[in-house]
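K.L.:
3D, please:
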Amino acid sequence: MLLVRKLSADLSLYRVSGFPASYRHAKILRHRALIGLGGNVGDVIRRFQHLQHYLKNAVDIQLLHTSPVLKNPPFGYHEQEDFLNAVVEVATNKSPKKLLKFLLHTEKHFGRRRSFANAPRTLDLDLIFFDKVKMQTPFLTLPHPHWSERESVIIPLQHLGLK
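P.N.:
Residues are numbered from 1 along each chain as shown. You can find the predicted model right below:
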């Protein structure tokens, strides 16, 4: 990991292979979504890089942009390692609910176990935005609640490099 900038005593921004990056595609899918990535168990950077390849090969998803990686302290449950976080922008033809289902399946594929709220995790994928959709169901709220209060989303989003 290459330290880009120490933002504060608790926050550091890093460049790693594939984060940040931008991708070009001949065919652009109709929807845009922003996904938050997080993890603090095991080799999270390697997992993010594997996730990047996984997303590149997924059906109906095109990886457009990745942010730098932010190292930040946990919130909620504090007795755990610091988190690494990033955001990715994708294009997709999936609906919000189908994309959420894909993300939950992907978390499980990468070893996510849900033991308790804010527990340590191998990979956490949050659907932050989906186009300009606003919705609230028992399983999905868009935009993601409290995204604007989380440094783990705001700082990588500021560095995403959208044009």
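
K.L.:
could you use CA atoms for every contact and neighbour count after this?
P.N.:
Noted.

K.L.:
give the contact list for Arg5.
P.N.:
Applying C-alpha atoms under 8 Å, 6 or more residues apart in numbering, we find Arg5 in contact with 12-14.

K.L.:
helices and strands of the protein: which one bottoms out on pLDDT?
P.N.:
strand 2-6 (a mean of 81; mean pLDDT, DSSP states H and E).

K.L.:
helix or strand right after that one?
P.N.:
The C-terminal neighbour of strand 2-6 among helices and strands, as given by DSSP states H and E, is strand 12-15.

K.L.:
that following strand: how far from the chain's middle?
P.N.:
Relative to its chain's centre, strand 12-15 lies at 15 Å (C-alpha atoms, centre = their mean, to the nearest Å).

K.L.:
contacting residues for the residue nearest to Asp126 when sequence neighbours are not counted?
P.N.:
The shortest distance from Asp126 to any non-neighbouring residue, by C-alpha to C-alpha, 6 or more residues apart in numbering, is to Gly36 (4.9 Å). Residues in contact with Gly36 (C-alpha under 8 Å, 6+ apart) are 85-88, 124-128, 153.

K.L.:
lowest-confidence entry in those?
P.N.:
Lowest-confidence member of the contacts of Gly36: Asp124, scoring 91 (pLDDT).

K.L.:
how near is that residue to Val133?
P.N.:
Distance of Asp124 to Val133, given as C-alpha to C-alpha, to the nearest Å: 22 Å.

K.L.:
hang on, Pro156 packs against Leu70?
P.N.:
Yes - at 6.6 Å, Pro156 and Leu70 qualify as touching, with contact defined as C-alpha atoms under 8 Å.

K.L.:
now do the shared contacts for those two.
P.N.:
Shared contacts of Pro156 and Leu70 (C-alpha under 8 Å, 6+ apart): 85-86.

K.L.:
who's more crowded, these two?
P.N.:
Between Pro156 and Leu70, counted using other C-alpha atoms under 10 Å, the more crowded position is Leu70 (27 against 22).

K.L.:
assumed the more buried one was part of a strand.
P.N.:
Yes - counting by DSSP: H, G, I helix; E, B strand; the rest coil, Leu70 is part of a strand.

K.L.:
nearest residue to it other than its sequence neighbours?
P.N.:
In this structure, Leu70 finds its nearest non-sequential neighbour in Leu13, 4.6 Å apart by C-alpha to C-alpha, 6+ apart.
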